[in-house]
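[1] need a structure here:
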Amino acid sequence: MKEIKIGFIGLGCRGGDLLYNVVLKQNETVTAVCDVYEDRAQGGADTVAAAGQPRPAVYQNYLDVINDANVNTIVIATAWESHVEIALAAMYAGKPVAMEVGGAYELKHCYDLVEAYEKTGTPFMFLENCCFGRRELMALNMVRKGLFGEIVHCAGGYQHDLRYEISHGKENRHYRLRNYLSRNCENYPTHELGPIAKVLDINRGNRMLTLSSTASKAAGLRDYVRDHKSDDEFLKGRTFAQGDVVTTVIKCARGETIVLTLDTTLPRYYSRGFTVRGTKGMYEEVTDSVYLDRKEDEAHDFNWLKSCAGNAKDYADEYDHPIWKKYIEEGVRGGHEGIDWLEFETFFRCLREDAPMPVDVYDAASWMAVTALSEMSIARGGAVVDVPDFTGGKWHMM
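    Below you'll find the model as predicted:
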C-alpha cells in the first residue's frame, strides 16, 4: 500500500491517546474519525486538525467510515463488544485493520475473524502492545538463544487495580463497568498471553490444547462502592458477576503449561507477572530478575533474591532484542513506555511493504478465545474445556 488513509474508530481514553500520541506523531494521515458519542468524534477531528492535517470526516456510525472512499485503512479502538463486528465489516470491504485487544464474547467471533481473513486476504493486525515490551522481547531473545534451556512453564497476569475506573464507568462512559456487572471470566487475557504465546511458538509449531478457569468470589468492587461511592444509587446494592481473582491454567501440545491471572478489583500494585521457566534458567518480571543454572551450593542461597533482584538490566547489553537496541538508539517514543509506538510503526511498515503481520488473525482468535472459554469453564465449576485450533491444522507448518 503506497498511501495510507486512516479511518480511526473509537475515541475514548485509549483511542484518543493512540490518535494523539502515536498515529499523528508518526505523521500518518487520518481522513475520518468516528465515535458513537458526538463530542468524542468532534474532539478527535479537532486533534487531527491541530496536528496540521485537513479536518477529517466525522461520523458516529462505523459503517460510514468503512464506506468512505477516502479511507483505506481502519484502526479500531472502541469498546470490547464491537471490535470483531467492525473488523469483519472492514475486512470484507477490503480495508486493512488494526484492532485493539479484548476478549471474545463467543467462540463464533474468533472463527468469523479467521474466516474473513482467509476469504479476503485483507491485512489484519491485533494490537497487543505487550508483545513489543522491552523485557518481554529480551526474554524471547534469551529463549531463542537457549539460555533458559527447554521451556516448561510460563505465567502472567493482568494485575491492575481498576476499582476507580470500573466504578466510575457510568460517569466516564467506560465499557468495563457493564462487563464486570454481567460477566465472570478471564476478560482481558492478551497482555500476558501474547508474549507467552511468542515464547512458546503458539500457532507456529505449538498450540494450546485445554483450559481450566476458576474465579474467586466478587467482593472488591462491592466494598469499594460502599466505601467510596455510597451515594451512587445505580451501583448501591448491585451484585458484580466478575470474580475478583480469576486463575486460568492452559496445557499446550508440546507439554508446557501456562497460568494466567486476572486481578483487577482488589488493592494491589500493577504487574503483568511475566515469567518464563526453563530447564536451565528463568526470567521473572515481578523482581525483574534473570536466574541461570548455578552450582548446587549457589542454587540454595536464600539471599540470592535480596542481592540479585533487578539484575535483568545486567543482561540487557548482550540480550536486548535487536528491535529494542535499534529503538533505544533512535529514541523511545509514544505511550506505555514506547510499546504503542512500536506496534503501530510495525503495522504501518508491514502495510507499506505488503509483509505478514507479526501479530496476526490466528493469534487474535486464539488469544481472544481464552475469554469465552474461561467463562464456560467457570460456569462449569472449573471444568477443563478444549481450545479450538483456529489454524485448521496449519500450526504445524506456520
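[2] For the protein, spot the helix or strand the model is least confident about on average.
    Ranking every helix and strand in the chain by mean pLDDT, DSSP states H and E puts helix 296-299 at the bottom, with a mean of 54.
[3] and Lys251, that's in a strand?
    Yes: the assignment for Lys251 (DSSP: H, G, I helix; E, B strand; the rest coil) places it in a strand.
[4] roughly how far apart are it and Ile258?
    Look at Lys251 and Ile258: by C-beta to C-beta, to the nearest Å, they are 8 Å apart. (Each C-beta comes from the backbone N, C-alpha and C, glycine too.)
[5] Looking at the two, which one has more neighbours?
    Shown here are Lys251 and Ile258; by other C-beta atoms under 10 Å, Ile258 has more neighbours (23 against 16).
[6] Phi, psi for the more buried one please.
    Backbone torsions for Ile258, taken as degrees, to the nearest 10, come to phi -130, psi 140.
[7] can you pull out the helices in the stretch 251-398 of the chain?
    Here the stretch 251-398 of the chain has its helices, by DSSP state H, counting those that start in this stretch, at 296-299, 304-308, 313-319, 322-330, 339-353, 361-379.
[8] For Lys251, give me its contacts.
    208-211, 257 (C-beta atoms under 8 Å, 6 or more residues apart in numbering).
[9] partner residues bridging the closest residue to Ala139 other than its chain neighbours?
    Counting by C-beta to C-beta, 6 or more residues apart in numbering, Ala139 lies nearest to Tyr283, which is 4.4 Å off, once chain neighbours are set aside. Taking DSSP bridges as the rule, Tyr283 bridges to Val276, Val290.
[10] quick one: stretch 384-393 to chain centroid distance?
    20 Å (C-alpha atoms, centre = their mean, to the nearest Å).
[11] Let me see the residues that make contact with that stretch.
    Residues contacting stretch 384-393 (C-beta under 8 Å, 6+ apart): 107, 110-111, 114, 203, 207-212, 250, 362, 365-366, 369-370, 373, 376-377, 395, 398.
[12] Buried only: go through the residues you listed for me.
    Neighbour-count burial (16 or more other C-beta atoms under 10 Å) is assigned, among these, to 107, 110, 114, 203, 207-208, 211-212, 250, 362, 365-366, 369-370, 373, 377, 395.
[13] Tell me which entries of the contacts of Lys251 lie within strands.
    Members of the contacts of Lys251 lying in strands (criterion: DSSP state E): 208-211, 257.
[14] rewinding a little: confidence-wise, which of the helices of the stretch 251-398 of the chain is weakest overall?
    Mean pLDDT is lowest for helix 296-299 out of these, coming in at a mean of 54.
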